[in-house]
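Asker: I'll drop the sequence and a predicted model, then ask my questions.
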Amino acid sequence: MGLDVPSFQKAPGLAHEIARYLRSAIADGKFKPGEKLPAEQTLATSFGVSRSVIREAVSQLRYEGLIKSYQGLGVFVSETGSPSSFVIDSAALAESGALAQIFELRMTLEADAAALAAKRRTKKHLDAMKGALAEMALAIERGEDGVAPDIAFHRVIAEATGNTYFAALVRILNDNIRTSIFVARLNTAREGRYIADLVQAEHAAIYQAILNRDPVKAREASRTHLEHTAKQLKLVLD
């Protein structure tokens, strides 16, 4: 099967870009469920890359559950033709529109997680949140980015819901937008101590609402914080 593909010779992250192209081709029906993909050498020739690059791209799609390999037979599109796991295309996060969509998802998810955490948190969760708050405050004093305790704070809130899937999805989102969190905190630092303290106060408000077992205020505080974070990244949200 001939492929009408763009040139990837000078593109960075060749395997990722090729995986992205093949993922789109499967989604668009160019490769149907159960259909065999072209041979490794054929793909390498079509894309103008080495076979090792194709193997890496195929490995990404196999991990996502989009394709299956059968020894001696080749590589086939899975019967569903869709990923079997939640996947974020990290290359797409360079586009502000895609990142804005991720933040819309994050706001909805984390706001509800905060509300549930207010109902279900334990002393262990509160201690972990308080510890993360202290580390973020210390980072402000030292002029550091504070990304690690920021992510830890939101992760503990997700764990405090008592819902394994909340925790897993928040972990995936935050791991994928770690760079964006860093940029937001960097922008905050550049705007001065007042803004940094304001962001810290937003985290403290989330903690206080969860401590007080107030799901309404916890949801509101979480959403307000993430809306401000989006503004730091200059994202346009409706």
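Answerer: Sure, I can see it. Residues are numbered from 1 along each chain as shown.

Asker: all helices of this protein, in order?
Answerer: Using DSSP state H, the helices of the chain run over 14-27, 40-47, 51-64, 96-120, 123-142, 147-160, 164-176, 178-190, 193-211, 215-232.

Asker: which of those is buried the deepest?
Answerer: Most buried of the helices of the chain by mean neighbour count (mean count of other Cβ atoms under 10 Å) is helix 147-160; its value is a mean of 22. From N, CA and C alone the C-beta is placed, and that goes for glycine too.

Asker: thinking again about what came up before, compare the helices of the chain and say which comes out lowest on pLDDT.
Answerer: In terms of average pLDDT, helix 178-190 trails the rest of the helices of the chain, at a mean of 60.

Asker: coming back round to it: for the helices of the chain, which one sits closest to G34?
Answerer: Minimum separation from G34 across the helices of the chain (Cβ to Cβ) falls at helix 14-27, 11.4 Å.

Asker: Distance-wise, check the residue of the chain most remote from its centre relative to A218.
Answerer: Going by Cα atoms, centre = their mean, the residue of the chain most distant from its centre is G72, 35.9 Å out. Distance of G72 to A218, computed by Cβ to Cβ, to the nearest Å: 56 Å.

Asker: Report the contact partners of L105.
Answerer: By Cβ atoms under 8 Å, 6 or more residues apart in numbering, L105 lies in contact with L173.

Asker: related to what we said a few turns ago, out of the helices of the chain, nearest to E79?
Answerer: Nearest to E79 among these is helix 14-27 (12.0 Å), distances taken as Cβ to Cβ.

Asker: packing partners for that closest one?
Answerer: With contacts taken as 3 or more Cβ pairs under 8 Å, 6 or more residues apart in numbering; DSSP states H and E, helix 14-27 sits against helix 51-64.

Asker: Let's see the helix it packs on as CSV, backbone CA atoms only.
Answerer: Output in CSV follows, covering the C-alpha atoms of helix 51-64 (Å, rounded to 0.1, in the frame of the first residue of the first chain):
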residue,chain,number,x,y,z
ARG,A,51,13.8,0.9,10.1
SER,A,52,14.7,1.6,13.7
VAL,A,53,12.7,4.8,13.6
ILE,A,54,9.7,2.8,12.3
ARG,A,55,10.1,0.2,15.0
GLU,A,56,10.0,2.9,17.7
ALA,A,57,6.9,4.5,16.2
VAL,A,58,5.2,1.1,15.9
SER,A,59,6.2,0.4,19.5
GLN,A,60,4.4,3.6,20.6
LEU,A,61,1.2,2.6,18.8
ARG,A,62,1.4,-0.9,20.2
TYR,A,63,1.7,0.5,23.8
GLU,A,64,-1.4,2.5,23.2
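
Asker: Between helix 40-47 and it, find me the angle.
Answerer: Relative orientation of helix 51-64 versus helix 40-47 (axes from the mean of the first three to the mean of the last three Cα atoms, to 10 degrees): 110 degrees.
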